[in-house]
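Asks: Give the three-dimensional model of this entry:
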Amino acid sequence: MQDEVDKLARQWAAAGMAPAAITRVELSKRVSRLALRHEQAMKVALSELGLTYAEFDVLAALRRAGGPLRPSELTRSLFLTSGGTSNVLQRLTTAGYVAREANADDARGRWVRLTSSGESITDKAMAASTRVHEELLAGIPDKTIRAAADALREITAVTDRRR
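Replies: Alright, predicted model coming up:
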């Protein structure tokens with residue numbers, strides 16, 4: 001099966017690019033294309049719930065944690081800036097999806113937790129995310145998806161250490 005990246009690879013080869021370099025560029029191009037398609041589909045699905053992707057990320061992180069988190073923990077785990085986290089939390093608080101509470105151990109600190117309506121919207125968003133993944137990857141054998149996920153784990157383990 002050929003794709004648009006194969007066409008580019010042939011052009012790079014004709015231009016004299018080394019085969020190993022072409023393979024690396026093919027990987028990044030395909031990962032970027034998949035991420036873009038995923039992001040576009042998620043934006044549509046989440047907008048139907050009145051959420052942005054950043055808001056979904058925060059809600060999902062709180063749901064996974066099973067309890068309150070500090071804003072700094074959300075910032076680190078979601079690769080947001082502290083200002084970005086603050087803005088998202090403000091919108092989610094205004095919407096009634098999260099509540100901020102005083103941290104008894106640190107007078108300057110706060111805890112963030114899901115409200116009951118936050119849990120409900122998060123469950124709906126998680127179901128939408130599952131549908132997006134199923135639709136995006138429909139027709140691809142599970143073993144192919146598993147192999148790709150395992151290969152990307154190896155790659156990201158190395159690239160993440162370089163930061």
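
Asks: Please make it C-alpha for all contacts and neighbour counts, starting now.
Replies: Fine.

Asks: Which of the helices or strands spans the residue positioned nearest the centre of the chain?
Replies: Within the chain, one residue has its C-alpha closest to the average C-alpha position: by C-alpha atoms, centre = their mean, that is Asp57, at 6.8 Å. Applying DSSP states H and E as the criterion places Asp57 in helix 53-65.

Asks: for that helix, packing partners?
Replies: For helix 53-65, the contact count by 3 or more C-alpha pairs under 8 Å, 6 or more residues apart in numbering; DSSP states H and E identifies helix 19-47, helix 71-78, helix 82-95, strand 106-114, helix 116-136 as packing neighbours.

Asks: could you give the angle of that helix to helix 116-136?
Replies: For the pair helix 53-65 and helix 116-136, the angle between their directions (axes from the mean of the first three to the mean of the last three C-alpha atoms, to 10 degrees) equals 110 degrees.

Asks: what does helix 53-65 contact?
Replies: With contacts defined as C-alpha atoms under 8 Å, 6 or more residues apart in numbering, helix 53-65 is touched by 42-43, 46, 68-69, 74, 78, 88-89, 92, 113-114, 118-119, 122, 125-126.

Asks: Give me the buried entries from these.
Replies: For these, burial is judged from neighbour counts taken by 16 or more other C-alpha atoms under 10 Å, and it is met by 42-43, 46, 68-69, 74, 88-89, 92, 113-114, 118-119, 122, 125-126.

Asks: between those residues, which is closest to Ala151?
Replies: Looking at the buried ones among the contacts of helix 53-65 and their distance to Ala151, the nearest is Met42, at 23.7 Å (C-alpha to C-alpha).

Asks: Please give me every residue in contact with the closest one.
Replies: The contact partners of Met42, taken as C-alpha under 8 Å, 6+ apart, are Tyr53, Ala128, Ser129, Val132.

Asks: With distance to Arg161 and pLDDT added, can I get these in TSV?
Replies: Rendered in TSV, the data for these read as follows (distance: C-alpha to C-alpha, whole Å; pLDDT from 0 to 100):
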residue	distance to Arg161	pLDDT
Tyr53	26	93
Ala128	32	97
Ser129	28	97
Val132	30	97
